[in-house]
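A.B. asks: 3D model of this:
(one chain, ligands or ions: 1)
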Amino acid sequence: MAAQLRAALRRGRALAALAVAAAGGLLAAATLGSGPAGAAGGTLHDLAEAKGRYFGTALTQSNLSNSTLTAVAGAQFDMVTPGNEMKWDTTQPSATTFNFGPGDQIVSFAKAHSMRVRGHTLVWHSQLPSWVGSLPAAQVQAAMENHVATQATHYKGQVYSWDVVNEPFNEDGSLRTSAFYNAMGSGYIADALRTARAADPSAKLYLNDYNIEGVNAKSDAMYQLVSSLKSQGVPIDGVGLESHFIVGQIPSTMKANIQRFAALGLDVAVTELDDRMQVPASAANLAQQATDYATVIANCLAVSGCVGISQWGVGDADSWIPGAFGGYGAATMYDDNYQPKASYRSAVTALGGTAGSPSPSSSPSSSSSPSTPPTGSGCRVSTQINAWATGLTENVTVSNTGGSAVNGWSVKFTLPGGQTVTSAWNAAVSPAGGQVTATDLAYNAAIPAGGSTGFGFNANHTGNPAAATGFSLNGVACTVG
Ligand code: G3I
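C.D. replies: Okay, the predicted model is just below:
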């Protein structure tokens, strides 16, 4: 992008952000570290653009009615991938019906915030309406070409790229069976690419898949495929590495893998980044997530052909992870209230910005004398209860909503009358009834600004299994919710 255009885009974004702020929708944004509308050069997209990259997010139609979410999205990101709105089941629910309304809404949001759009996706075995699978094999090619041509033509000039074929491979590197593969063999991929290029010559054409971030059988297969496509002159511009990670498991070969694709003359994009962990999130996992985000960003910045990174969702509250992986969550850079986590700060740092304290990769430190949070401290507590006739299990999540890390914590709360704690985890709890104090166990002493920690207990009750009340963190009253 020319420097002038980039500057114009930046001005446009600043105006859009101011407009949102003026409308009173930027409460969360204004508290985000340097803030989505804050210090110039401090947002993810500003920093990424300074490195010649973009930083994107996925957005769904329902996300657009959440003003906190959209304030963060509009301020921090410069690329949008529709989460579901450009998938076949939405855009062509029957053979004779096209519906671009939901996708158009995402494009409108992107335009209003000077963001570009990654089109996702034209041909995929999933979220495919049943009528396609029911077609006689002889009709599948025409149906696919019609779908690709109609959709790519509708969005011509409005999308930066298309994930033309999504997730074509099995884990062993063989091509996945699908309506398209079954009817057309491996040639469906080249056919889809050619059809997309004819419909929108300026969109970058990608193949996108998961578990191809490191060097392995599946990424080897993708490498062979795109090498072959290029040698045959089939239009292919990029490979998308979805990057749905688990904390601590970024493949050590990710940079080398990006390099080998880039060496073919292809763009590489991290298209759906998240980094899940068991919930409630531990301080150690949140710190590891911060390290992981920095690693992924460094891997991309190290290769000039890596053009950008997109997170799959804005925050933990809108992430697909809890719905797909029971017991897992906390996979993004923003917590359930769209407050930045340690991973946000480490991303800023990895992009060359200044994130402020705490050091996102610092290990939780033990402390026998809990520190009182400084001015601007705050906390929020949520509780979850499972009760039976005479007992209950209560899990408590404590979020540090202040601007500084807490190193060593003491959470006080009041048990309803008749409740007596019988056991606890992730905290030392005393005394067992009435006013209770739960303190950290050293390994979980640190709660980064924007981070959270969890503990729980079992209790007996005599008829009132309600949640505890009156929570405070290091003497500061917590909001509940
Ligand atoms: O729209 C229906 C709604 O009417 C119904 O009441 C509800 C009940 O389950 O389901 C709704 O559909 C859901 C749809 O998202 C829209 O919200 C589906 O159940 C749900 O399975 C679907 O999940 C999407 C998933 O793709 C499907 O594979 C996720 O939101 C979306 O984030 C996810 O995105 C994919 C990428 O496209 C490709 N890479 C992996 C990534 C994560 O799975």
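
A.B. asks: residues contacting Asn458?
C.D. replies: 391-394, 421-424 (Cβ atoms under 8 Å, 6 or more residues apart in numbering). Using the backbone N, CA and C atoms, a C-beta is placed for each residue, glycine as well.

A.B. asks: tell me the SS of it?
C.D. replies: strand (DSSP: H, G, I helix; E, B strand; the rest coil).

A.B. asks: Next one: it, what pLDDT does it get?
C.D. replies: pLDDT recorded at Asn458 is 84.

A.B. asks: Show me what it is bridged to.
C.D. replies: Thr393, Ser423 (DSSP bridges).

A.B. asks: Just the buried ones from the contacts of Asn458, in PyMOL syntax?
C.D. replies: If you want just the buried ones from those in PyMOL, going by 16 or more other Cβ atoms under 10 Å, the selection is:
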select buried, resi 392+394+421+424
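
A.B. asks: Would you check how far apart Asn146 and Tyr181 are?
C.D. replies: Per Cβ to Cβ, to the nearest Å, Asn146 is found 18 Å from Tyr181.

A.B. asks: Then Ser243?
C.D. replies: From Ser243 to Tyr181 the distance is 24 Å (Cβ to Cβ).

A.B. asks: With neighbour numbers in mind, choose between these two.
C.D. replies: Ser243 (27 against 18; other Cβ atoms under 10 Å).

A.B. asks: Name the SS class of Val270, please.
C.D. replies: At Val270 the chain is in strand, as set by three-state DSSP.

A.B. asks: Please shift the residue numbers so they start at 437 in all later answers.
C.D. replies: All right, first residue 437 from here; so that's Val706.

A.B. asks: excluding its backbone neighbours, what's nearest it?
C.D. replies: Spatially, and ignoring its direct neighbours in sequence, Val706 is nearest to Ile745 (4.2 Å; Cβ to Cβ, 6 or more residues apart in numbering).

A.B. asks: pLDDT at the closest residue to Ser597 other than its chain neighbours, what is it?
C.D. replies: Among residues not flanking Ser597 along the chain, Lys640 sits closest, at 3.8 Å (Cβ to Cβ, 6+ apart). We have a pLDDT of 98 for Lys640.

A.B. asks: and if you look at Gly839?
C.D. replies: pLDDT for Gly839: 84.

A.B. asks: pretty sure it contacts Pro776?
C.D. replies: No: Gly839 is beyond contact range of Pro776, at 10.5 Å (criterion: Cβ atoms under 8 Å).

A.B. asks: So between those two, which is more surrounded?
C.D. replies: Comparing Gly839 with Pro776 by other Cβ under 10 Å, the one with more neighbours is Pro776, at 27 against 17.

A.B. asks: How confident was the prediction at that one?
C.D. replies: The model's pLDDT for Pro776 equals 96.

A.B. asks: Okay, now the unreliable bits of the stretch 787-917 of the chain?
C.D. replies: Across the stretch 787-917 of the chain, the ranges flagged by pLDDT under 70 are 792-812, 879.

A.B. asks: One more pass at 90, please.
C.D. replies: Residues of the stretch 787-917 of the chain that meet the criterion pLDDT under 90 lie in 790-814, 819-831, 833, 838-845, 857-871, 875-896, 910-912, 916-917.

A.B. asks: any idea which of the contacts of Asn894 is closest to Leu611?
C.D. replies: Using Cβ to Cβ, Thr829 comes nearest to Leu611 of the contacts of Asn894, at 46.9 Å.

A.B. asks: burial of whatever residue of the chain ends up closest to the ligand, as a residue count?
C.D. replies: The nearest approach of the chain to the ligand comes at Trp756, 3.8 Å away (Cβ to the nearest ligand atom). Trp756 has 18 neighbouring residues, counting by other Cβ under 10 Å.

A.B. asks: In this structure it contacts Trp748, no?
C.D. replies: Yes: contact criterion Cβ under 8 Å: Trp756 and Trp748 qualify, at 6.6 Å.

A.B. asks: What parts of the stretch 437-586 of the chain come near the ligand?
C.D. replies: 519-520, 562-563 (Cβ under 6 Å from any ligand atom).

A.B. asks: Those: which two are farthest apart?
C.D. replies: Gly519 and Ser562 (13.1 Å).

A.B. asks: more neighbours, these two?
C.D. replies: Comparing Gly519 with Ser562 by other Cβ under 10 Å, the one with more neighbours is Gly519, at 21 against 11.

A.B. asks: what number of residues lie near Gln660?
C.D. replies: 11.

A.B. asks: What does the pLDDT read for it?
C.D. replies: Model confidence at Gln660, given as pLDDT, is 98.
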